[in-house]
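[1] Predicted model and sequence follow; I will ask about them next.
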Amino acid sequence: MAHAVRFYETGGPDVLTWEEVIAGDPGPGDVRIRHIAVGLNFADTYFRTGLYPARLPEGIGVEASGVVEGVTHVAEGDRVTYTGSPLGAYSTERVMPASHLIKLPDEIGFETAAAMTMRGLTSAYLLRRIHPLKAGDTVLLHAAAGGVGLIVSQWARLLGVTVIGTVSSEEKAELARAHGCEHVIRYRRENVAERVRELTDGAGVPVVFDSVGKDTFAGSLASLSRRGLLVCFGTASGPVPPIDAMRLAMNGSLFVTRPALADYIAEPAERDALAGELFGHVASGRIKIEINQRYSLEDAARAHRALEAGRTTGSSVFTL
């Protein structure tokens, strides 16, 4: 019998329940997948709290890896990974659309895949689609010791892009430096925008990658160079405030975008191109995936508490 984490109301981690479920049989265009590892992402907490809408009762989780079992589209036994809707990755097995699956190279293990599919594809579109970054550019990256942060830092170094990263502790600062951050700002004891100006001879940076949201929004804008771009791709501290267009004009004709991964992997060709580049870097060892926390699915509430409290670094996975 299959098991899954579900929630019947929005709220704190305690709304998550571990239940016996019936996975069912795949219909046309579907597969049944047996999970080996499941990713833990901040997006999961957004659905749980109600920031992102979900039809209740609902499963939870947007990323996992495993083996295809019930087949109507891909080959039985294929090693696959996925990220995105429909919700329900926190499960031992499930039925889902075959079109969402990405085949895994033999060189990449299931835990690595669950730890990097969402974070890695996010890193891929940030660096390869959002802005035409070139060697010699400098960017500001918040949460540099997180799962996305560690991948972006390593990938940016491969591209010749300098990363200024923000972190909360010296332990996280060391981790960020080890993964490619040229400069690290301890945001609890330094003014981020002032330090960015110092590091860039007063110019600011052309791009800020901000997954924190409300708490970092003002500092991110203040760190940009003329006609710079603020990329708000997460809301760990809460949604960003309403944007004052005149403020953007008065501070250097700034740009702000709020992208979603789904819009950068909606087309299979683009998704496969981004995944291929990501998998190539990881398989070759050019980018290393740090799995620093492992949980069982039954401990989903504890995992969410640790994530929301900022007690995690790198990637976290549930192992089955």
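    Great, that's in hand.

[2] Can you find the helix or strand in the protein with the smallest mean pLDDT?
    strand 63-70 (a mean of 90; mean pLDDT, DSSP states H and E).

[3] Using PDB, list the CA coordinates for it.
    Provided in PDB are the C-alpha atoms of strand 63-70 (Å, rounded to 0.1, in the frame of the first residue of the first chain):
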ATOM      1  CA  GLU A  63       9.900  17.400  -6.800                       C
ATOM      2  CA  ALA A  64      11.000  13.700  -6.700                       C
ATOM      3  CA  SER A  65      13.000  11.000  -8.500                       C
ATOM      4  CA  GLY A  66      12.200   7.300  -8.900                       C
ATOM      5  CA  VAL A  67      11.400   4.500 -11.300                       C
ATOM      6  CA  VAL A  68       8.600   4.200 -13.700                       C
ATOM      7  CA  GLU A  69       6.300   1.200 -13.000                       C
ATOM      8  CA  GLY A  70       2.800   1.600 -14.500                       C
END
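
[4] could we number from 9 for the rest of this?
    Renumbered: residue one is now 9, and that last one reads strand 71-78.

[5] Direction included, what does it pair up with?
    strand 38-48 (antiparallel), strand 87-91 (antiparallel) (DSSP bridges).

[6] between those, which gets nearest to Phe225?
    Taking C-beta to C-beta, strand 38-48 is the member of the strands paired with strand 71-78 nearest to Phe225, at 25.0 Å. C-beta coordinates here come from the backbone N, C-alpha and C atoms, glycine included.

[7] now the closest one: how far from the chain's centre is it?
    18 Å (C-alpha atoms, centre = their mean, to the nearest Å).

[8] after that strand, next one along is what?
    Per DSSP states H and E, the first helix or strand lying C-terminal to strand 38-48 is helix 50-57.

[9] How far away from the center of its chain is that following helix?
    12 Å.

[10] Tell me which other helices or strands the helix or strand just after it touches.
    Toward the C-terminus, helix 50-57 is succeeded by strand 66-67 as the next helix or strand (DSSP H and E). Strand 66-67 is packed against strand 10-15, with contacts defined by 3 or more C-beta pairs under 8 Å, 6 or more residues apart in numbering; DSSP states H and E.

[11] Which elements pack onto the next helix or strand after the strand it packs on?
    For strand 10-15, the following helix or strand on the C-terminal side (DSSP H and E) is strand 24-29. Contact here means 3+ C-beta pairs under 8 Å, 6+ apart; on that basis strand 24-29 packs against strand 10-15, helix 308-316.

[12] if we can go back for a sec, so the least confident helix or strand of the chain versus helix 50-57, what angle?
    Counting by axes from the mean of the first three to the mean of the last three C-alpha atoms, to 10 degrees, strand 71-78 lies at 90 degrees to helix 50-57.

[13] Who is Ile193 paired with across the strands?
    Applying DSSP bridges, one finds that Ile193 bridges with Thr174.
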